[in-house]
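S.K.: Predicted model and sequence follow; I will ask about them next.
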Amino acid sequence: MKLLILIHVSDTIATIYTQSLISILIGPLSERIIDKNWKSRASAYEDIVKEINNGNTAIFGEYESHIVKILADSNASALDTGLDAVLVFIDKTPNASGIAPIHSLTYSLTHSFIQAS
């Protein structure tokens, strides 16, 4: 009986973990980019790069307001992924001068690197 209960508990935990992992990795981009979970944010940053590389120009208008937040991510792994996304975003944006004031980007980059040190 105890073994059956343990198996059931293990299956329940595995199901909850799997559902959480799925929501982290494939939930809506607009929700993942502001999620509290760093893995969810990092997944969103990776998806932004994929969308840009696939030619989705709508992504620029949708997520340009998040650039400064991405650069200030408190998790080092998410920040690293976010920096890649911002570089691709800036490199491929149709109007790089219009995405955000350069002083805000510079401040956020500097602040992020100081915090990471």
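M.R.: Done, it's in.
S.K.: contacts, neighbours, all on C-alpha from now
M.R.: Fine.
S.K.: just the helices in the chain please.
M.R.: 2-26, 29-32, 38-53, 58-63, 67-71, 76-92, 102-116 (DSSP state H).
S.K.: For the residue lying closest to Arg41 once chain neighbours are set aside, which residues are in contact?
M.R.: Nearest non-adjacent residue to Arg41, counting by CA to CA, 6 or more residues apart in numbering: Ile33, 4.7 Å away. When contacts are counted by CA atoms under 8 Å, 6 or more residues apart in numbering, Ile33 touches 40-42, 44-45.
S.K.: Now Ile33: phi and psi?
M.R.: Main-chain torsions, Ile33, degrees, to the nearest 10: phi -70, psi -20.
S.K.: per-residue confidence at it?
M.R.: You'll see Ile33 listed with a pLDDT of 93.
S.K.: repeat for the one 10 residues further on
M.R.: According to the per-residue confidence, Ser43 scores 94 in pLDDT.
S.K.: what's the burial count for it?
M.R.: 20 (other CA atoms under 10 Å).
S.K.: Correct me if wrong: it contacts Arg32.
M.R.: Yes - using CA atoms under 8 Å, Ser43 is in contact with Arg32, at 7.5 Å.
S.K.: about what we covered before: greatest separation within the contacts of Ile33: which pair is it?
M.R.: Ser40 and Tyr45 (8.7 Å; CA to CA).
S.K.: Can you tell me the closest non-neighbouring residue to Phe60?
M.R.: Per CA to CA, 6+ apart, closest to Phe60 is Thr93, 6.6 Å.
S.K.: Near that neighbour, how many other residues are there?
M.R.: Thr93: 18 neighbours (other CA under 10 Å).
S.K.: doesn't Gly61 make contact with it?
M.R.: No - counting by CA under 8 Å, Gly61 is not a contact partner of Thr93; they are 9.5 Å apart.
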